[in-house]
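Colleague: Okay, predicted coordinates and the sequence, questions at the end:
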Amino acid sequence: MHLTRTITLTASILAAGLGFFVFLQFGASDGFDSLDLIRALLIFASTFWLAWGAFTALLGLTSRPPVRERSTGLLRAMTAILVPVYNEDPVATFARIAAMDASLRATGAGDRFHFAILSDTRNDEVAARERIWFLRLLADTHGEGRIFYRRRTQNKGRKAGNIEDFIKRAGAAYEFAIILDADSLMEGATMVEMVRRMEADPELGLLQTLPNIIRAKSRFGRTMQFAGAFYSPVFARGLAMMQGRTGPFWGHNAIVRVKAFAQSCGLPELSGRPPFGGHILSHDYVEAALLARAGWTVRVDDDLAGSYEEAPENIIDHAKRDRRWCQGNLQHARLIFAPGLKGWSRFVFVQGILAYIAPVFWLAFLAASIAAPLFAPPIDYFPIDYWPFPVLPVSQVSKALLLALGVGGLLFLPKLLILLDAVLRRRTRGFGGSIRALQSTLTELLFSSITAPIFLMFQTRSVLQVLRGADGGWPAQTRGDGTLSFRDSWAASHWIVTTGAVVLAFAQWLSPQLVPWLLPVALPMVLAPALISWSSRPSRTMLFTTPTEQQLPAIMSLNDRILSRWSADLPDQTAAA
C-alpha cells in the first residue's frame, strides 16, 4: 500500500515536473521572464492534479479486488439504517424505504435491521406530509417497532448533527449503522453482506460501497450515469489500492461500527463565521480521518454491487451541489494540521482542496498567457539567467499545441484505456455491446470537453465566493424533472457568456495568434445558456446505455411498483393532509 502510494505520487510529480520543464524549455524566441515562470508553476500544479487522476485509473486497470470469503449463517448484530431527510418528497423517499425493507425481509435477515428516518425538514407543509406518508409506510410494511421517524426541532450540525443526535439517543441499541441519503437505494442482500464483512473484521470501522447512478433521464444526467457506471469502478479500484486501511467516506451508502463512530467522530464547531468557521460541511472526509486516527480501518469495497443513488439532471443543479462541496473542502484547510491525523488523511484533505483550486490555476494560466505580450521582455533580455538549459525558440501557438496535447493525453487516455479493457474483458455487454460502448465513450469525451469550461467557471466562482467570505449554506437538493428553459439557463450563466466574450476580445487584442486555441474554451462559455438548456432536456438516444437499464435490478423494480401504487393514491393522501 505504502509502495503504491509512493509510486503514484512520484509518477504524478514527475509528470507535473515534465510539464513545468517543457513549458520553460520551449520558451518564446524573445526569451522568458518571471511571468513565464509563474505560468510554468501554474502548469505544474494543474498537471499534477490531472496526472494523479490518470495514474489512479491506471492503477485500477492493473489490479483486481481481493477475493473475500463469503460467510453464511445468521447475523448476530442489530443494524440501524439511517435515512436523513431535508425537505424531500416523502412519497419518493418512503417508497425507497419500503422497497429496501421488503428486499431485506426476502433475505430472511430482515429482523436484524431497523430503519430510522431522521428528518431535518424546515418546511412545515413538507413535515406534515412526512407524518402522513410515514403512517402509510408503517401500514404497508407492518413496520411498527422496526421503522421509526423523528423530526428535530433544530437542525444543528445539519446532516452530521442529525446522525450524531441519533447515535447519542439510540446508538447503544445497535452495533452497526448503514448511512443512506434520501435518494439512496440498496439491495437487501448487499446490506446483509456489508454487515457480514463488518462482523468478520473487528477492526473495520467503516465500509464504503461504490454507488451507481440510476434513473437519469436528461442528456446531461444520462451522460453522467454512463460515466459513473463505465469509468468509476476502475477509478474506485485504484483508490482502494492506494488508500488501503485509510479509505474514503462519501457520506452515504456506507456502513459504520456505531461504537467506533461514537468514540471517534464527534465533530467540533470551527471558530469564526462561515464559510471557514461554523459546522463542518464536508463532514464525511473528516469522519474517515478521525476513525483512522483512532486506529480503525476505513475501507472501500468496490466489489460490492447493489448500491445505488440518483444525481442532478442538469448542470445548474450539479453546480449548486458542487458549491456546497467546494466550501466544505476548502474548509478542510483549517484541519490539515489537526493533531494525530494519519499522513494520508492530511493528503486527502489537500487533494480535496486541490480539486477545486485546480480550475482556478487553469483560468489564471489562460489569463496570464493572453496578457503575456504586455509583459514581453526585449529580445536580448533573459531575467532568469540561471536556467541551465538552452531555450528553444518556439511560438506561443506551438506552446499552446504542446499544452493541449499533454492535457488531452491525461484527460482522454485513461478513459480510452478503460474502454479497451472493457472490450477485452467483455464488460461492454451491459453497455449495449462494444460498438455502442465505443460510441458512448467518444460522445461522452466530446460532451465533457465541451462542458468543461462551463464547470471550470462555476467552480472558479465557488472558490472566489468562499475566499471572499460568502456562505453557501446547505440548500435542499432538487430531484425529479430537471428540464431548464433557455431563460432559466441564461439567468444562471449570463456571467459566463460575458466572461467568454471578454476573453476572446482581449485575446484578439493582445495575442491574436492564440484565438484559435482559445476557441475550445471560450466558445462553450459564450454558448453556455444554450448548452445548459439543451443538455437538461430528455435524452432520446440509444447511447449511454448502462447495465441497470439493460436489466432492471430487483430493488429498482420493487421500488417502481411501490411508488406506482402510492402515486395512484396520492390525491386521497393529499386530501387527508
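Modeller: Cool, got the structure.
Colleague: Which parts of the stretch 151-300 of the chain are strands?
Modeller: Using DSSP state E, counting those that start in this stretch, the strands of the stretch 151-300 of the chain run over residues 176-179, 185-186, 204-208, 212-213, 254-257, 297-300.
Colleague: out of those, which comes closest to residue 558?
Modeller: Shortest distance between residue 558 and the strands of the stretch 151-300 of the chain, using C-beta to C-beta, is found for strand 185-186: 9.5 Å. Just so you know, the C-beta spots here come from the backbone N, C-alpha and C atoms, and that holds for glycine as well.
Colleague: other SSEs contacting that closest one?
Modeller: Judged by 3 or more C-beta pairs under 8 Å, 6 or more residues apart in numbering; DSSP states H and E, strand 185-186 is in contact with helix 90-107, strand 307-309, helix 554-568.
Colleague: Quick one: these as TSV, columns for mean neighbour count too.
Modeller: Converted to TSV, the helices and strands packed on strand 185-186 look like this (neighbours: other C-beta atoms under 10 Å):
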stretch	mean neighbour count
helix 90-107	23
strand 307-309	22
helix 554-568	16
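Colleague: now the strands of the stretch 151-300 of the chain in CSV, with mean neighbour count?
Modeller: Output for the strands of the stretch 151-300 of the chain, formatted as CSV (neighbours: other C-beta under 10 Å):
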stretch, mean neighbour count
strand 176-179, 26
strand 185-186, 26
strand 204-208, 27
strand 212-213, 22
strand 254-257, 26
strand 297-300, 23
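Colleague: Make a markdown table out of those and add distance to residue 291.
Modeller: What follows is those, written out as a markdown table (distance: least, C-beta to C-beta, whole Å):
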| stretch | distance to residue 291 |
| --- | --- |
| strand 176-179 | 13 |
| strand 185-186 | 21 |
| strand 204-208 | 4 |
| strand 212-213 | 25 |
| strand 254-257 | 8 |
| strand 297-300 | 5 |
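Colleague: Quick one: those strands as CSV, columns for distance to residue 37 and mean pLDDT too.
Modeller: Shown next, in CSV, are these (distance: least, C-beta to C-beta, whole Å; pLDDT from 0 to 100):
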stretch, distance to residue 37, mean pLDDT
strand 176-179, 47, 98
strand 185-186, 51, 98
strand 204-208, 41, 97
strand 212-213, 42, 96
strand 254-257, 44, 98
strand 297-300, 39, 96
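Colleague: ok, residue 173 - contacts?
Modeller: Listed by C-beta atoms under 8 Å, 6 or more residues apart in numbering, the contact set of residue 173 reads 78, 80.
Colleague: do that again at 7 Å, thanks
Modeller: Counting by C-beta atoms under 7 Å, 6 or more residues apart in numbering, residue 173 touches residue 78.
Colleague: what stretches of the protein score poorly on pLDDT?
Modeller: Per-residue confidence for the chain (pLDDT under 70) gives these ranges: 1, 25-33, 375-404, 474-476, 571-577.
Colleague: switch to 50 and redo it
Modeller: Segments of the chain classed as low confidence (criterion: pLDDT under 50) are 28-29, 378-387, 389-392, 575-577.
Colleague: For the closest residue in space to residue 318 that isn't next to it in sequence, give me its contacts.
Modeller: Leaving aside its sequence neighbours, residue 318 sits nearest to residue 312 (C-beta to C-beta, 6 or more residues apart in numbering; 4.3 Å). Contacts for residue 312 (C-beta under 7 Å, 6+ apart) come out as 318, 321, 482.
Colleague: just residue 179 next, same as before
Modeller: Residue 179 makes contacts with 82, 163, 252, 254, 256, as judged by C-beta under 7 Å, 6+ apart.
Colleague: My guess is residue 212 contacts residue 229. True?
Modeller: Yes. Using C-beta atoms under 7 Å, residue 212 makes contact with residue 229 at a distance of 5.7 Å.
Colleague: what helices or strands is the longest helix seen in the chain leaning on?
Modeller: Counting residues, the longest helix in the chain under DSSP state H turns out to be helix 434-467. On a contact count with 3 or more C-beta pairs under 7 Å, 6 or more residues apart in numbering; DSSP states H and E, helix 434-467 meets helix 219-230, helix 315-331, helix 343-371, helix 396-424, helix 486-510, helix 515-526, helix 528-536.
Colleague: and of those, who's closest to residue 183?
Modeller: Nearest of those (C-beta to C-beta): helix 315-331, 11.7 Å.
Colleague: Now the closest one: buried residues?
Modeller: By neighbour count on 16 or more other C-beta atoms under 10 Å, the buried set for helix 315-331 is 315-320, 322-331.
Colleague: hmm, back to that, columns distance to residue 564 on top of the helices and strands packed on helix 434-467, output as TSV?
Modeller: Shown next, in TSV, are those (distance: least, C-beta to C-beta, whole Å):
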stretch	distance to residue 564
helix 219-230	21
helix 315-331	25
helix 343-371	39
helix 396-424	34
helix 486-510	30
helix 515-526	39
helix 528-536	25
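Colleague: show me where the stretch 101-250 of the chain has helices.
Modeller: Under the criterion DSSP state H, counting those that start in this stretch, the stretch 101-250 of the chain contains helices at 124-141, 158-170, 188-200, 219-230, 232-243.
Colleague: Which one, of those, ends up nearest to residue 520?
Modeller: Smallest distance to residue 520 across the helices of the stretch 101-250 of the chain (C-beta to C-beta): 18.2 Å, for helix 219-230.
Colleague: helices or strands next to the closest one in the packing?
Modeller: Packed next to helix 219-230, using 3+ C-beta pairs under 7 Å, 6+ apart, are strand 212-213, helix 434-467, helix 528-536.
Colleague: just the angle between that helix and helix 232-243, please?
Modeller: 50 degrees (axes from the mean of the first three to the mean of the last three C-alpha atoms, to 10 degrees).
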